[in-house]
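Engineer: Sequence first, then the predicted structure:
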Amino acid sequence: MLRSDNHEIDPRFARGIEEVRRRFFSRDPGQWAPFSDPLLRHLVDDRQRHIPRADRLDNYSNGPALLRQLRDLDRIPLDTASVPAHEDPLLRLTAALSKNWEDPSSVENVIGSPSDPAIYGTMAGVMANPNLLYSEYAELAVDLEAAIVRMMASLIGYDPQQATGIFTGGGTFCNLYGYLLGIRKSLPNARKLGIGSDGDYRIVNSIGGHYSNITNLSLLGVDSRKTIRIRITDNNEMDIADLERQMRACFQLGCVVPVIMLTMGTTDTFGVDRVKPVVDLRDRLCAEYAIKVKPHIHVDSAVGWPIAFFIDYDFDANPLRINHATVPSLLRYARHFAELRYADSFTIDFHKWGYVPYTSSLVMIRDRRDLDALAHDFENFSYFEQGMQSETHLHSTIECSRSATGVFGAYTALTQIGIEGYRTLIANCLQNANYFRYELAKRPGVKTVAPGNFGPSVGFRLYNPEIVHDPEGEFEKELRFTEDSAWEERLRRNSAYHRSAFQSRGKKGLYTNWVDFIAHTNYDGLGRFRRIPGEKAVFMNPLTTYRQIDEFIPQLHGPVRSGRDSTPDGG
């Protein structure tokens, strides 16, 4: 059991995070001039009142009437505007009452409040308005993109001169590039003749991965029956033994495996797949079965990539004074993320834990020559001057327009906040998450899922403490998947209690989220399993403190009043 003083925030660390908040998250017009604009000032002032979400509309001047006006609006005005845009009441309402990620209680998902420098940089990108597709349409914005690619390559251990990368419109597109790279390398006829023209194949990903792992394959026209979903462990990490079994079966049948999709930082419980063991397994099996083109290993690290800032951190000296509850797990994660350098490609979402506005995503590719497999014929690009076509990734990109706003936002955040600033932000989030786990463990009727994960995402199950006195034992019974009606009723009853508590509690202290797949049962003899629902809080908000957690914990079970059960502990 962790001692409470392990969670104490060191005064030096407290000063560091307060300085980061002051400089990069204060919306101070004295530091960042755009925040003096009347519309932006209105937005900032309204959000900094931190009114609970359910009360925001009623507390906004004439809010309900303006909302009705907005929802009835269906015509473009005939006349030009007679008032400046910053006085437009619907624009002011919509901006102020969009989701407030600056509220310290906002911990619903893998999203953080964008930083002041990233907002500033994004504004510069919007005004510059380059299209990264083609150098003549972008000019120096292309060089800025290349500079960030080199920065990220250096951070995780790629060769900056050999690696490349493409900014694109979200992590889903990054993962789509990962799939395409593998498919086009292993199935070269797919570009012109379609997937399947090179023979049988199987795409490999994890049951615990993001849903885009499946939706992307549908977009690509991949037969869903040709997707192998690898089992996951109790911590939602890919089961390496099952991966080996599946790959052997494919290779023995002469079936091509173009792509293995890993995840480093699952959305709900921060499961982290190891890269080096998968690379070693792939290389060993390819040598054994004489596979000429190795499966492409892409890592969806859209959520977890900022852990890479700690790869070279001196954990012994611990200069930031990160607390004792957080250092061991952060050290373990840093060692795991050091393995990103072995991946063929990986995903970065700056708009998640990088504190950059939507959207700012980068797919990193270890060997720039891999993009040759995506290239289309020059004759298809008659819109562009032939001598300049090779100056960007024109022939290999999915998009015909690539905004540079994400580039400008990421550049400004990275260069202003710096590695030490990011380390402070990430450590603060992890300290909050660990303190939340510690407080949950002290409460009756609570089971934290994936207990080996110590990332920013905390998933948990609630049980009625009047009838379930051992939540650990109750959870173990839920994991024993059977077709028995008593087992079904146990899972239904417990889930209904938690759902009722979640709904009746409302948004107090922390704004958490309900998810239908917070854990999974054991596998039966046919490999089937059941998803177990629960609740999650994701601590990526730089403004969240222990105070919000302390306000939330006493409200955990809400005003639920369940009838008594005749079978204590579920029988």
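Structural biologist: Right, received. Where do you want to start?

Engineer: Strands of the chain, start to end?
Structural biologist: Remark: strands assigned in the chain by DSSP state E are 164-168, 203-206, 227-230, 259-263, 296-300, 345-349, 361-365, 446-448, 457-462, 513-520, 531-538.

Engineer: Please convert those strands to TSV, extending it with mean pLDDT and mean neighbour count.
Structural biologist: For glycine as for every other residue, the C-beta is placed from the backbone atoms N, C-alpha and C. Shown next, in TSV, are the strands of the chain (pLDDT from 0 to 100; neighbours: other Cβ atoms under 10 Å):
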stretch	mean pLDDT	mean neighbour count
strand 164-168	98	25
strand 203-206	96	25
strand 227-230	96	19
strand 259-263	98	28
strand 296-300	98	27
strand 345-349	98	29
strand 361-365	98	26
strand 446-448	97	22
strand 457-462	97	26
strand 513-520	93	18
strand 531-538	96	22
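
Engineer: Distance to residue 136 for these - can I get that in JSON lines?
Structural biologist: Formatted as JSON lines, the strands of the chain follow (distance: least, Cβ to Cβ, whole Å):
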{"stretch": "strand 164-168", "distance to residue 136": "18"}
{"stretch": "strand 203-206", "distance to residue 136": "37"}
{"stretch": "strand 227-230", "distance to residue 136": "40"}
{"stretch": "strand 259-263", "distance to residue 136": "34"}
{"stretch": "strand 296-300", "distance to residue 136": "31"}
{"stretch": "strand 345-349", "distance to residue 136": "27"}
{"stretch": "strand 361-365", "distance to residue 136": "22"}
{"stretch": "strand 446-448", "distance to residue 136": "54"}
{"stretch": "strand 457-462", "distance to residue 136": "43"}
{"stretch": "strand 513-520", "distance to residue 136": "45"}
{"stretch": "strand 531-538", "distance to residue 136": "42"}
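
Engineer: quick one: which of the ones you listed is nearest residue 60?
Structural biologist: strand 513-520 (24.2 Å; Cβ to Cβ).

Engineer: what pairs with the closest one, and is each one parallel or antiparallel?
Structural biologist: Applying DSSP bridges to the sheet, strand 513-520 is found paired with strand 531-538 (antiparallel).

Engineer: what's near enough to touch residue 10?
Structural biologist: Counting by Cβ atoms under 8 Å, 6 or more residues apart in numbering, residue 10 touches 321, 322, 323.

Engineer: Retrieve the pLDDT associated with the residue nearest to residue 402 when sequence neighbours are not counted.
Structural biologist: Take residue 402 and drop its neighbours on the chain: the residue closest to it by Cβ to Cβ, 6 or more residues apart in numbering is residue 132, 3.9 Å away. On pLDDT, residue 132 comes in at 94.

Engineer: who's in contact with residue 132?
Structural biologist: Residue 132 touches 138, 141, 142, 145, 167, 392, 402, 403, 404, 407, counting by Cβ under 8 Å, 6+ apart.

Engineer: Highest neighbour count among the contacts of residue 10?
Structural biologist: residue 322 (25 neighbours; other Cβ atoms under 10 Å).

Engineer: So that residue sits against residue 330, correct?
Structural biologist: Yes. Between residue 322 and residue 330 there is a contact under Cβ atoms under 8 Å: 6.7 Å.

Engineer: Now list whatever residues contact both of the two.
Structural biologist: 427, 430.

Engineer: if I read this right, residue 259 contacts residue 183, doesn't it?
Structural biologist: Yes. Between residue 259 and residue 183 there is a contact at 6.6 Å, judged by Cβ under 8 Å.
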